[in-house]
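In: The following comprises the amino acid sequence and a computationally predicted model.
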Amino acid sequence: MSSPGSNWSLDIFRAIEARNITLVCTVPDGGLTNLLDLIAADEKIRLVTLSTEEEGIGIATGCWLGGRRAIIAMQSSGVGNCINALGLPLAYRAPCLMLVTMRGQWAEFNPWQVPMGQAAKPALEAMGVRCFPVERPEEVGETFAAAADLAFNSRTSAAVLVSQRIIGAKGFGQK
Amino acid sequence: MTVAPNKIARRAFIAELLRHRGEALIATGLGSATWDCFAAGDSPEFLYSWGGMGLAVPTALGLALAQPDRRVLAITGDGEMMMGLGSLAVVGDQGPKNLAVLVLDNETFGETGRQRGLTAGRVDIAAVAMAVGFSDVMTVTEQGATAALGHFLFARPGPVLAVAKIAITEDPWALPEKDGATLAHRFRTSLGVEKA
Ligand SMILES: Cc1ncc(C[n+]2csc(CCOP(=O)(O)OP(=O)(O)O)c2C)c(N)n1
């Protein structure tokens, strides 16, 4: 669900295309549905479905070592799966760009999402990942673009954290 | 269960196998697999790793997807492979024809003190690979299997996986460069994706 008047998923998609990022690794999240649909329908961008998010860190690092740009898209709970893996791009001084849709913050209904949702940003920062939280739908595209340029041009790790406020809180009975 | 102990001596086996490499890129898992490949004769086309346990196959997969015209071989230990077992399913799903995996299976966590590993019992990594969509798998138990194994890993349409049942051996230290940025730079310049 994206807010009326803004299609932030399309804004990210355009920023991905414009930066020659041609591979997107993911364990899906509800908040990523529109973006993942756009990517699945695009022939130039390869969608790689993961069994766990840390594989995406390895795949994206291997891609860059081979001269191709990749990103990893995940739910905030998936950040926890990535922690040790984040040492890999840091060691190679490879770029690493994560797109994280947040849970466990704005009007969360599921208490099981809260611990990792709250810990995602400090945990990423502890691993040397620059975090870019976004609270407004119209700022998602430019924030993603800035984080991508930082990651790929300065060879560092960066994460865009899309607030649950943008995605919309879910209720019971919703997927 | 009483079985004959594994016979393959890893250092000589890897050195012999890598003679069949051609232009293949080699990505090693942390620890002994890295030492073995370095001991066999260093090359900028070897991507060493000193950490990231469980990420050898994902890294090699990324490389294979970035370099579809180059053969890519991941060489790693059984413990390292078990930590990233799910990544075999990602490889099976993606189906890269240029990717091969070699598991050096000593059935122990050698590096950390030879504790019993998961493959010491009923766990069969080759069977897992077959079940998740690899095009072919192979298990080798003999030192002299390197020519057949080389053909399998470097020429057979992938993704393919081989398990080599290796002995627990005491090998001399052979440690490559450990600065990752230096390793990445020499690897990428050799591929021509970064300026020298
Ligand atoms: C996440 C993580 N857990 C544990 C370790 C410690 N560790 C380093 S090497 C290793 C064993 C690797 O075993 P295997 O891949 O079978 O290789 P071998 O040394 O037996 O050749 C372990 C457990 C680690 N480096 N990272």
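Out: Yep, that arrived.
In: Which positions in chain B make contact with the ligand?
Out: With C-beta under 6 Å from any ligand atom as the criterion, chain B meets the ligand at residues B:30-32, B:53, B:77-80, B:106, B:108-112, B:117. For the C-beta atoms, the positions are set from N, CA and C on the backbone; glycine is no exception.
In: Of these, grab the buried ones for ChimeraX.
Out: In ChimeraX, this line selects whichever of the residues of chain B next to the ligand come out buried by 16 or more other C-beta atoms under 10 Å in any protein chain shown:
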select /B:30,31,32,53,77,78,79,80,106,108,109,110,111,117
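In: Strands - which of the residues of chain B next to the ligand land there?
Out: Of the positions in the residues of chain B next to the ligand, B:77, B:108-109 sit in strands, assigned by DSSP state E.
In: how about the residue nearest the centre of chain B, phi and psi?
Out: Centroid-nearest residue in chain B: residue B:75, 1.0 Å away (criterion: C-alpha atoms, centre = their mean). For residue B:75, the backbone dihedrals (degrees, to the nearest 10) come out as phi -120, psi 120.
In: now what about the helix or strand harbouring residue B:100, what contacts it?
Out: Assessed by DSSP states H and E, residue B:100 sits inside strand B:99-105. Strand B:99-105 is contacted by residues B:6, B:10, B:14, B:17, B:32-33, B:36, B:57, B:60-61, B:64, B:71-78, B:81, B:88, B:91, B:119, B:125, B:129, B:149, B:152-154, B:156, B:158-166 when judged by C-beta atoms under 8 Å, 6 or more residues apart in numbering or on different chains.
In: dump the residue contacts of the residue of chain A found nearest the ligand.
Out: Each residue of chain A has a distance to the ligand, by C-beta to the nearest ligand atom, and the smallest belongs to residue A:84, at 5.2 Å. The contact partners of residue A:84, taken as C-beta under 8 Å, 6+ apart, are A:54, B:52-53.
In: quick one: pLDDT of it?
Out: Per-residue confidence at residue A:84 stands at 98 (pLDDT).
In: How about residue B:4?
Out: 76.
In: Shouldn't it be within a strand?
Out: No. Going by DSSP: H, G, I helix; E, B strand; the rest coil, the assignment for residue B:4 is coil, not a strand.
In: tell me the contacts of the closest residue to residue A:18 other than its chain neighbours?
Out: Once flanking residues are discounted, residue A:18 sits nearest to residue A:145: 7.6 Å by C-beta to C-beta, 6 or more residues apart in numbering or on different chains. When contacts are counted by C-beta under 8 Å, 6+ apart, residue A:145 touches A:15, A:18-19.
In: List the buried residues for the helix or strand harbouring residue A:145?
Out: Take DSSP H and E as the rule and residue A:145 turns out to sit in helix A:140-154. For helix A:140-154, a neighbour-count test (16+ other C-beta under 10 Å) marks A:140-141, A:143-145, A:147-148, A:150-152 as buried.
In: isn't residue A:163 right up against residue A:135?
Out: Yes. Applying C-beta atoms under 8 Å, one finds residue A:163 in contact with residue A:135, separated by 4.8 Å.
In: So between those two, which is more surrounded?
Out: Between residue A:163 and residue A:135, counting by other C-beta atoms under 10 Å in any protein chain shown, residue A:163 is the more crowded of the two (17 against 14).
In: can you pull up the bridge partners for the residue of chain B found nearest the ligand?
Out: Closest to the ligand within chain B is residue B:77: 2.2 Å, counting by C-beta to the nearest ligand atom. Using DSSP bridges, the bridge partners assigned to residue B:77 are residue B:104.
In: confidence score at it?
Out: 98.
In: Among the contacts of residue A:145, which ones are in helices?
Out: Judged by DSSP state H, the contacts of residue A:145 include A:15, A:18 as members of helices.
In: Generate a PyMOL selection restricted to the buried entries among the contacts of residue A:145.
Out: A single PyMOL command is used to select the members of those judged buried by 16+ other C-beta under 10 Å:
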select buried, chain A and resi 15+19
